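Trainee: Any chance you can model this:
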Amino acid sequence: MRALRQPTPRDPSPLLGLQVRDWQRFGAGLAHGEGGLDVYVHALEERDRWQRDLGRMPRGTAVAISRALAVGDRAFSAATVPDELGLLQRWSWHAGVGSWWWSRVPAHGPLLDALWRS
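Mentor: Next up is the predicted model:
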């Protein structure tokens, strides 16, 4: 009788990399006016999850993911301005407290217009 081989868990790193690249592409896309309000809020929620999950990862993985997130953070920051009028307040009730990305809105374009109308 042959022993059954136990399946080994798959390495999540490639999937994590794809998700981080989504944040990088999101930040870069904002500069071109891409995305809608639902996409914007979802991306910020995902960024909250990343921040929360970094503390649960092995140190080496967390450092690598943090560096990759920083690329998207810089693109996001460059395409946004401080939300001085509180346009995101109604959307950030569930957001991470003190998360700087919830205090920034697109600098221009249809997404900023959508925030004004919401």
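
Trainee: per-residue pLDDT, the residue nearest the centre of the chain?
Mentor: Note on the chain: the residue nearest the mean C-alpha position is residue 47, at 2.9 Å, using Cα atoms, centre = their mean. In the predicted model, residue 47 carries a pLDDT score of 90.

Trainee: how deep is the residue lying closest to it once chain neighbours are set aside tucked in, by neighbour count?
Mentor: For residue 47, ignoring the flanking residues on the chain, the nearest one in space by Cβ to Cβ, 6 or more residues apart in numbering is residue 101 at 5.3 Å. For the C-beta atoms, the positions are set from N, CA and C on the backbone; glycine is no exception. Using other Cβ atoms under 10 Å, residue 101 has 21 other residues around it.

Trainee: how far away is residue 101 from residue 36?
Mentor: From residue 101 across to residue 36, the span is 17 Å (Cβ to Cβ, to the nearest Å).

Trainee: Same question for residue 21.
Mentor: Here the criterion is Cβ to Cβ. By it, residue 21 lies 20 Å from residue 36.

Trainee: Also residue 69?
Mentor: The gap separating residue 69 from residue 36 is 23 Å, by Cβ to Cβ.

Trainee: neighbour count winner among the two?
Mentor: residue 69 (20 against 11).

Trainee: Can you point out the helix or strand that includes the more buried one?
Mentor: In the assignment (DSSP states H and E), residue 69 maps to helix 59-78.

Trainee: which stretches of the chain form strands?
Mentor: Applying DSSP state E to the chain gives strands spanning 80-82, 104-106.
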